[in-house]
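S.K.: Sequence and computational prediction follow.
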Amino acid sequence: MASDLKFAEDGLKLQHSIATKMEELLAAGGTVAIAAPTVGTVIGAAIVVIGLIKQLGDDDREVVDALKTLQKQVDEIKFVLGVLDGRLDELVLQVAIESNRQTLRDLLDYLDEFRGYQTELHDRRGNLDVAVTAANKAGIAVDKFLRNDFEIWRWTDVVERRVTDPATGIVRIDPALALMRFKNVPTLPVYLVGLATWLGAREQAIKLGGRSRLSGDDARVAAHQAATSIRINFDKYGMGDLATAQSIAEHIKSRIRAYVVASTPYPRNRICEFYFETGSLMTGSSRSGSGFELVMQPGTDTCFIDPGMLGSPNEELELETAAGLDTLQGVSELLGRVASGGSLAEPFQGVFSNVEAFPPGIFYLIDQAADLQWYRNEAAAARGGSTSWEGPKKVGNGWGGFSSVFNGGGAFIYAVKPDGDLLWYAHDGYLDGRPVWRGPNTVGNGWAGFRHVFSTGEYVVYGVQPDGRLMWYRHDDATTGGDASTWAGAKEVATGWNAFDKVFAAGDGVLYGIRPDGVLERRIHKGYLAGTADWEAPKEIGTGWGGFRDVVATGNGVLYAFTRDGRILWYRYAKKRPPAPPEPANPILAGVVERGRFSDLMVEGRGAIDQGPGIGGLVLERPNLDVIVERPGNGGVVRPYDPQRDIDVFGADVERWEGPVEIRRGVPAFRSAFAVMPIPYRGPN
C-alpha cells in the first residue's frame, strides 16, 4: 500500500481524474486528428503553435500560412476537448462532473475567442487597429490563466478515502472528492494557443507602429515569463519556500516524482541493487525503471542511499518533457527575449575577431548503467557562463564498480577498486570525446582506506584519512602509467579535512571543501607541487552548497553544480575588476573622492588640501603618506589608505562570485562526476 500511495497527492489514491480520462480517450482512439494517441501529442499539437510565433514575426507573406496552421491546431485541440466533455459522465460523482465540466467549457470558450482573433488577423492583415485590438484582447484572455492561484489549471478528482468503522474495526474504501488539484492537461494546450495568438498579434501591431497602443504590455510579458519559468534554486524535493511551486512550470515539475527503491535489503560484497519508481501525482500512474548496482561505503549494513545523491532518472526527465516542461522553458526564453528587445526577432549575434577566448571545461559522469559519459562546455569561463556543449558521448562502460574515480591531469584517470587497488587509465580522446584508451594499469594498493581521494591536476593526488589528515602524492610516471613504485609521497600536508562532506579541487593547488552545514571553503595549497605544508589561510566563500547532487571545478574559477532535478548551474569565483562606484550627486560632500599622496593630493573643485599637521583628527607624520579623502570640505576626513577596506573603491582586481546561471538541463541520474584537471606546465627551454 505504501508504494501505491507514493504518487497519490495528499496520500489519497486516485480513482478518476480529468488527466487520466484524457489519457484513456486518446489511447482508445478518441481522436484521429492528432497522429499519436497520447496526452503528450495533445500538448504537441500546441507545441506546433509555439513554433509558429517566430514565423508570425517574419516576412508578411508567410503570415497567412502561419495563421492557417495555427487555426488547424486550435481545431484539433478543440476536438479533443469536445470528446472529453462528452465523456465526463463516466466520473462517478455528480459534483466532480459538474465542477470539471464548467472548467472544461471555459477552456472551449477561450479556444473560440482565440480563433476569432486569428480570423481577424488573417482576414484583415496589415490593419493596425485590428492588430492592436487582437493583441490587447488576447492578452487579457491569456492573463486569466494566471489568476486566482491558477484556478483554471485546477480540477476535481475522485479519490479513495479509507474509513475505519470504530465499532468493528473494519476498513472500507469510500469515494471522495479532492478539489482544486493542479493538472497540466487539458489546460496547457489551450494556454499555449492563447500565448501564440497574443504574441502573433502583438508582433504585427509593433511592426505596424502600434507599440504605444498595447495596453499593459511590459507587465504582461513579465508575468507570463515568470509563469512559464522555473526558479534557479527551486527544489521540488526540498522544504520551505524553495520547494513551494509558484509558477505553472514549477507546479507541473513538482508533481512528477522519482523514488529510489532497494531491490536487495543487504549489500553483498559492498554491492547493493536499486531501481527507480517514477510517476505523476497528476495522473496517479507510475512505472519502474531498470535496475542498477552501487558500491556502498565500507561498514554499510543495509542497502540505503540518499536519493539526492543520484539525481533524476531518465524516466523522470522523459515524463517532465511529455508533460510540457521543455515547451514552457522555450516559451520563457522567448518571452525573455521579447522583454529585453520588445520584438520576437532574435538579436544579431555578431562574431568579432577581438573577442576574448576561453578554454572549455571538460568533465565526465558515470551514469546509472555504469557507462562513462564525456561532456565539454565550450568557453567555460565566459561571462555569464556558456550554453554551448559537446556531448554527452559514451566513452566507456563498466565504471560502476569503483569506490572513487578522479582525473589526475589531462588524459589520465584513476579509479579505486573496493579492494583498495588503484588503477590508471589514459583517455587519449579526452579533448574531443573519442573512445581512445590505454590501460588499465595497477599503480597502487591500499587506497580503500581514504574518506576522499581527489586531484588538483599536474599528477598530484590527495587522500583524506578517516582522522582528517590530508596526504599528498605525486605520480611521477603518470604519462605512461608506471606502477606502485613510481610515486612521490605519502606526505602529510594538513589536518582537519574530515570536517568536510565533500572535497574536490581545481588546478594550481586550489582545493574546495563543503561542510555539513553547506558552507563552501576554499583552501589554496601553495606547496602542492612539492608536497610541503605551505598554505594560504582558509576562506569561507559561500553557503548553501550542501544541497547539490555533486559539484566539480575546472580552471579559471569555474564550478559546475549538479542539481537533483537534472540541471547544471554555472558559478565562477575569480578575480575581476568590480564596477566603478556611482558618481555622487554632490562630489564635494558625499562619498570617497580621491586617493593619492598627501603632499600633492587635489580635491575636486577645491584646490590643494592644506598640508597642516592634522586634518580630521588624523596626525600625518609622513608627507608622502598614501591617504583617502572622505567628505572633503568642511568636516572632511583624511585617513590612511587601507588595502583591505578600500580595494573595491579604486577598481583593484578582487575575487567575486558570478552565477548561478543554468547552462544545461535534462542531465539524467548519475553515480559520480569528475572534471579534467590541468597537466603540468611546460615552459620554453
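M.R.: Cool, got the structure.
S.K.: could you dump stretch 149-167 to PDB, C-alpha only?
M.R.: Written as PDB, here are the backbone C-alpha positions of stretch 149-167 (Å, rounded to 0.1, in the frame of the first residue of the first chain):
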ATOM      1  CA  ASP A 149      -3.700  30.800  -7.900                       C
ATOM      2  CA  PHE A 150      -4.000  29.300 -11.400                       C
ATOM      3  CA  GLU A 151      -7.700  28.400 -10.900                       C
ATOM      4  CA  ILE A 152      -8.300  27.200 -14.500                       C
ATOM      5  CA  TRP A 153      -5.500  24.700 -14.100                       C
ATOM      6  CA  ARG A 154      -7.200  23.000 -11.100                       C
ATOM      7  CA  TRP A 155      -9.600  20.200 -11.400                       C
ATOM      8  CA  THR A 156     -11.700  17.900  -9.100                       C
ATOM      9  CA  ASP A 157     -10.500  14.300  -8.700                       C
ATOM     10  CA  VAL A 158     -12.400  11.300  -7.300                       C
ATOM     11  CA  VAL A 159     -10.100   9.600  -4.700                       C
ATOM     12  CA  GLU A 160     -10.300   6.700  -2.400                       C
ATOM     13  CA  ARG A 161     -10.600   7.500   1.300                       C
ATOM     14  CA  ARG A 162     -10.000   4.800   3.800                       C
ATOM     15  CA  VAL A 163     -12.600   4.800   6.600                       C
ATOM     16  CA  THR A 164     -12.400   2.600   9.700                       C
ATOM     17  CA  ASP A 165     -15.600   1.600  11.500                       C
ATOM     18  CA  PRO A 166     -14.800   2.400  15.200                       C
ATOM     19  CA  ALA A 167     -17.200  -0.400  16.400                       C
END
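S.K.: Enumerate the positions of it that are buried.
M.R.: Across stretch 149-167, burial judged by 16 or more other C-beta atoms under 10 Å covers 150, 152-160. Yep, even glycine has a C-beta here, placed from its N, CA and C like the rest.
S.K.: now stretch 390-398
M.R.: Of the residues in stretch 390-398, those with enough neighbours to count as buried (16+ other C-beta under 10 Å) are 391-392, 395-396.
S.K.: and that stretch, average pLDDT?
M.R.: Predicted confidence along stretch 390-398 averages 96 (mean pLDDT).
S.K.: With stretch 281-288 instead?
M.R.: The predicted model gives stretch 281-288 an average pLDDT of 87.
S.K.: in that stretch, what's buried?
M.R.: Under the neighbour-count criterion of 16+ other C-beta under 10 Å, stretch 281-288 has 281-286 buried.
S.K.: Please compute how far that stretch lies from its chain's middle.
M.R.: A distance of 24 Å separates the centroid of the chain from that of stretch 281-288, by C-alpha atoms, centre = their mean, to the nearest Å.
S.K.: and the buried residues of stretch 390-398, which of them are in strands?
M.R.: Using DSSP state E, the members of the buried residues of stretch 390-398 that fall in strands are 391-392, 395-396.
S.K.: Do a quick rundown of the helices in the chain.
M.R.: Along the chain, the stretches classed as helices by DSSP state H are 18-27, 39-56, 63-86, 94-123, 128-143, 187-207, 217-228, 248-254, 314-322, 325-341, 643-646.
S.K.: Show me what the longest one is packed against.
M.R.: Packing contacts for helix 94-123, counted by 3 or more C-beta pairs under 8 Å, 6 or more residues apart in numbering; DSSP states H and E, involve helix 63-86, helix 128-143, strand 154-164, strand 171-182, helix 187-207.
S.K.: which residues of the stretch 51-200 of the chain score low on pLDDT?
M.R.: Within the stretch 51-200 of the chain, the stretches falling below the threshold (pLDDT under 70) are 51-74, 76-78, 80, 82-97.
S.K.: And the residue nearest to Ile230 when sequence neighbours are not counted, how close does it get to Asn100?
M.R.: Spatially, and ignoring its direct neighbours in sequence, Ile230 is nearest to Ala249 (4.9 Å; C-beta to C-beta, 6 or more residues apart in numbering). If you measure Ala249 against Asn100 using C-beta to C-beta, to the nearest Å, the figure is 23 Å.
S.K.: No more questions from me, cheers.
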